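With the input below, show me the fold.
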Amino acid sequence: MKLIVLISSFLFAGFANAGVYKCIDSEGKKSYQNSPCKQNASAAELNLATGGEVAIDEKRKQEILLQQRKAEEKARLEAKKRQEQQLKQQRIAAIEEENKKNLEIIKNNPGKFTAFAIPPYTLEDHPSLIDDFIERLPEILKFRRLAAKKALFSGKCDRVEASELNLRSTKKNMVFLVECSNTRRIYLNETELNAD
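Reported below is the predicted structural model:
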């Protein structure tokens, strides 16, 4: 008797682990089987451990929906990455353009600017102070040039030795220091520079 119970329990355990399907045909007739239902029948997969059932069509819909969500998330991340790359390329182009203008003004006015008055900066190579303002690097390069020109125009500065972002800068209002050959130090903020 014990042998029969033991064999039965092994058979039942094997059956419990196999897929069990409840099929309802077009006439509403139910049947239970261990292979998936025919395509024209509605189907549910039974969980013998919990006694619950999951509609196969619903399960497929959920799987398809999950795949769609994953594909949408992947597409969103790829689009975001492309956009960030495009913005970076635009920023690099703007930085190169501002550096070119700064070098040109120095080259064309050697009596007004020392050779290193406004050295070029890149996203990788710049003073550490700029790190907190790195997204505004093209503007910083432009404001350094404008500050130098304004200092010269004021008549207080005879020749620009350096024009740099200053420690007084905040996120809302950057400050620039122009150091002159006659030892004058002129501070100008972006609000003043934007006013011109």
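
what is the rounded mean pLDDT of the longest helix along the chain?
In the chain, assigned by DSSP state H, the helix with the most residues is helix 56-108. Helix 56-108 shows a mean pLDDT of 89.

which secondary structure elements does that helix contact?
For helix 56-108, the helices and strands in contact under the criterion 3 or more Cβ pairs under 8 Å, 6 or more residues apart in numbering; DSSP states H and E are strand 42-46, helix 137-153. From N, CA and C alone the C-beta is placed, and that goes for glycine too.

Would you single out the least confident of the ones you listed?
Note on the helices and strands packed on helix 56-108: strand 42-46 shows the lowest mean pLDDT, a mean of 63.

Figure out how far stretch 179-192 is from the centre of its chain.
37 Å (Cα atoms, centre = their mean, to the nearest Å).

One more: stretch 142-156?
Relative to its chain's centre, stretch 142-156 lies at 36 Å (Cα atoms, centre = their mean).

re the thing from before, mean neighbour count added to the helices and strands packed on helix 56-108, as CSV?
As requested, the helices and strands packed on helix 56-108 are arranged in CSV below (neighbours: other Cβ atoms under 10 Å):
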stretch, mean neighbour count
strand 42-46, 17
helix 137-153, 21
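
could I get those as CSV with distance to Tyr32?
Listed next are the helices and strands packed on helix 56-108 as CSV, based on distance: least, Cβ to Cβ, whole Å:
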stretch, distance to Tyr32
strand 42-46, 8
helix 137-153, 70
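
what's the closest of those to Asn166?
helix 137-153 (9.7 Å; Cβ to Cβ).

Centre of the chain to the longest helix of the chain, how far?
7 Å.

Out of the helices and strands packed on helix 56-108, which gets nearest to Ile92?
Nearest of those to Ile92, taken as Cβ to Cβ: helix 137-153 at 9.2 Å.

Which neighbouring elements make contact with that closest one?
Contacts defined by 3+ Cβ pairs under 8 Å, 6+ apart place helix 137-153 against helix 56-108, strand 160-165, strand 175-180, strand 185-189, helix 190-195.

Next, the angle strand 185-189 makes with that helix.
130 degrees (axes from the mean of the first three to the mean of the last three Cα atoms, to 10 degrees).

Which residues does helix 137-153 contact?
With contact meaning Cβ atoms under 8 Å, 6 or more residues apart in numbering, helix 137-153 is reached by 91, 94-95, 97-99, 101-102, 105, 112-113, 117-118, 120-121, 123, 126, 130, 133, 157, 160, 163-165, 174, 176-178, 180, 184, 186, 188, 190, 192-193, 196.
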